[in-house]
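Student: need coordinates for the following:
(2 chains)
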Amino acid sequence: MRIGLFIPCYIDAFIPEVGIATLELLERFGHEVVYPRDQTCCGQPMANSGFNAECADTEALFVRNFSGFDYIVAPSGSCVHHVRDNFDAIEQTTKVKEVRARAYELVEFLHDIQKVDAFPWARFPHRVGLHNSCGTLRALKHARPSELHEPFFSKPMDLLSKVDGIEFVTPARPDECCGFGGTFSVFEEVVSTKMGYDKVSDHARAGAEYIVSADSSCLMHQKGCAERIGVPIKFIHIAQILNGAVA
Amino acid sequence: MSPHPEPSTGAMLHPELQAQDNTDAIFRNGRRLDHAEGTSKPLRSRPEPQPRGAKVHGNRPIDQAEAAARFIAAPEHEKMHDERLWDLRQKRDREMHGIPEWEELRSLASAIKEHTLTRLDEYLNQFEAKARANGMHVHWARDAAEHNSIVHGILGDHGAKSLIKSKSMLTEECGFRHYMASVGIEVIETDLGERIQQLDHEDPSHVVVPAVHKLRTDVAEVFAKTIGTDPANSDVHYLAEAQREATRPLILTADAGMTGANFAVAETGTFVVCTNEGNADLSANVPKLHIASIGIEKIIPRLEHLAVFVRLLSRSALGSPITQYTSHFRGPRAGGEMHVVLVDNGRSERLGMAEFWTSLKCIRCGACMNTCPVYRRSGGLSYGATYSGPIGLIIDPTFNARKYSNLPFASTLNGSCTNVCPVKINIHEQIYAWRRALVEQHEVPLTKKVAMKAAGELLSRPAAYRAAIAAADVALAHLPRFVIYNGLDAWGKHREVPHPPKQTFHSWHQANRGGKQ
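Tutor: Down below sits the predicted model:
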């Protein structure tokens, strides 16, 4: 199938290795993966701050870039959440609706569409703490959030469990928000960083060598927090592990 | 099979707070003897000056972030507050897991509330007629001022000079204590936490546990100044007992009693008050005059609906199966009078707000506050409003959009509040909607608007965007525009900035995939 690769702005600029891992991983499954070169962002930073009208042109550009693909895949839950659930600054034409419906976050795509049953190239003999970002957990429903009385499931854990050698640790508060929150991270930076300190300390205390997540934005924030307070823990995107990253 | 990593119950973020259990507080069966409301693991903290809440300057927007930063700068308070409330959240989870039909109950509670709110006039009229038939006096108050003057009038009719009351968020909304002080009537709060707050001249910081932001040493300090306890003794049993000794005589001699209500039942014309300390029953039953202030959204149609809410309320609030007292008030007792004041105070207006009317479903359990990671680290007084935490973010702006314009931004939009809400209010979606509404009403600072407009323009023009990224060799200049406009140091003040890579994904793709489109 023909996939439009959506690389969010901050991954493009700061963590290109996540984009590369995503691209290579999708190619391993034989897909034609196209990276529309005029892409910028989905509009979430403005929308998240209440400035919906200011997203209109960015959303229109997004639709121009990503129309006509079988699927649009991004290694970022919150961006996909925006496209799928809040992308309404522009007129909802058939084309717009089609783009919104075809947008998938990488874990969802691998788990629900590709239905991957093995990652034979991947081996990660490390103790990891899984960080479900709030966008993937409660908006995209990657896993059962701890607040709900529903049977346990976790798509990222299902995928990671197929990686040889991986071992999970359990923090005291597995699905507490890490405090990134988009523009919250700068507008309420003290609370944001305190939440980040608590998050990385919780994982470190549980024995994690790595925090793994489907959202690099959370990881970027957590990494900054861990470095500041001197918590020796590493950060890795799920795409990198599934693509066979060697630590 | 995938692993199911669930933390052990009672897992803590700050295990260093765990204290030795007091052996006096252990039953022979090995279980702790818990106070119904304070049922929590023994924790210890070092004394530390109490951080105070938001600075309020008239109608100016409350700076929640500033007050939250001061709360975080008091680590003993912040850690204890966080662990106490998280403990309540964990207890709530345990209770939830004991009820197989929990999610069904939530749906049912939500449906009952939505049904009632869409026929509120009918049910209020029914309640009024039935309550009158039960011998109650029913009053209608359009707003806080009317509420206060109605109550003042009732007290005046009886020559009452002192009033004992149980906890009521509605009377907090109405600024009732301040009003009563201005007309020379003494008000004595009988809820322990609320009494602490009254003696300290502070508002409640939480809808259920109003003094949860205080350490026991803070309480010892307040009581030493006001009721003469030993300032060096911060033993909770000593403090609670001293307060009881000081307050009970006032209860016995008070001229009138006041309660709120958790539910008012239309078909019976009765109302229900749920408490753990029994103080509402004392307030209602000791004096001959009982006044109940009830928000108009507290109506439920039938008595059978109460069962749904009673099962959810205390489990959601404190993680206990039920409150110690669930008292039904059905009419005045012989020789007494019972007055009900039905208060609107902005509720009708809220009911007309397409995106926000379901916030009226709220039963004030505080579960959203207990689970909120921002609230737990900020303290309730940082919101500078009657309602704090997630529910406050969506209710407070309905009272004053300018003053509370910053509050909807005090959230990461993580959505945990929505998931714990027993009446399924889509809290985090309403927070998001409030951000939009406040921008449309021009209640958001100009600097933010300038930054967002600039971001929107840059991100919609690929060439300009690429140029901006390519031209930026310095790490900080790589940061998105909204960071730059907010001041370079907002990201980097308390965390490290990302290390810029050698090339962007865009350039890598050009080099390694030949820019294939």
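
Student: low-confidence bits of chain B, can you list those?
Tutor: Filtered on pLDDT under 70, chain B yields the residue ranges B:1-6, B:8-9, B:21-41, B:471-489, B:515-517.

Student: now do the strands in it.
Tutor: Here chain B has its strands, by DSSP state E, at B:137-141, B:162-165, B:186-189, B:256-259, B:263-265, B:270-275, B:289-295, B:299-300, B:325-329, B:337-343.

Student: mind checking which of these is nearest residue A:220?
Tutor: strand B:289-295 (43.8 Å; Cβ to Cβ). For glycine as for every other residue, the C-beta is placed from the backbone atoms N, C-alpha and C.

Student: hey, C-alpha coordinates of the closest one in CSV?
Tutor: The C-alpha trace of strand B:289-295 is given here as CSV (Å, rounded to 0.1, in the frame of the first residue of the first chain):
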residue,chain,number,x,y,z
LEU,B,289,-34.1,26.5,62.6
HIS,B,290,-32.5,24.6,59.7
ILE,B,291,-31.7,26.4,56.5
ALA,B,292,-30.5,24.4,53.5
SER,B,293,-28.8,26.2,50.5
ILE,B,294,-29.2,24.1,47.4
GLY,B,295,-28.0,24.7,43.9
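
Student: remind me what it packs against, helices and strands.
Tutor: On a contact count with 3 or more Cβ pairs under 8 Å, 6 or more residues apart in numbering or on different chains; DSSP states H and E, strand B:289-295 meets helix B:144-157, helix B:169-173, strand B:256-259, strand B:270-275, helix B:279-285, strand B:337-343.

Student: just put these in JSON lines and tack on distance to residue B:121 and mean neighbour count.
Tutor: Output for the helices and strands packed on strand B:289-295, formatted as JSON lines (distance: least, Cβ to Cβ, whole Å; neighbours: other Cβ atoms under 10 Å in any protein chain shown):
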{"stretch": "helix B:144-157", "distance to residue B:121": "18", "mean neighbour count": "18"}
{"stretch": "helix B:169-173", "distance to residue B:121": "20", "mean neighbour count": "22"}
{"stretch": "strand B:256-259", "distance to residue B:121": "25", "mean neighbour count": "28"}
{"stretch": "strand B:270-275", "distance to residue B:121": "18", "mean neighbour count": "22"}
{"stretch": "helix B:279-285", "distance to residue B:121": "28", "mean neighbour count": "23"}
{"stretch": "strand B:337-343", "distance to residue B:121": "12", "mean neighbour count": "23"}
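
Student: looking at the ones you listed, which is closest to residue B:314?
Tutor: strand B:270-275 (6.9 Å).

Student: that closest one pairs with which strands, parallel or anti?
Tutor: Here strand B:270-275 is paired, per DSSP bridges, with strand B:263-265 (antiparallel), strand B:325-329 (antiparallel).

Student: got a list of contacts for the helix or strand of chain A with the lowest mean pLDDT?
Tutor: Sorting the helices and strands of chain A by mean pLDDT, DSSP states H and E puts helix A:9-14 at the bottom, at a mean of 89. Helix A:9-14 is contacted by residues A:18-19, A:40-41, A:75-76, A:216-217, A:220, B:459, B:469, B:478, B:480, B:498, B:500-501, B:504-506 when judged by Cβ atoms under 8 Å, 6 or more residues apart in numbering or on different chains.
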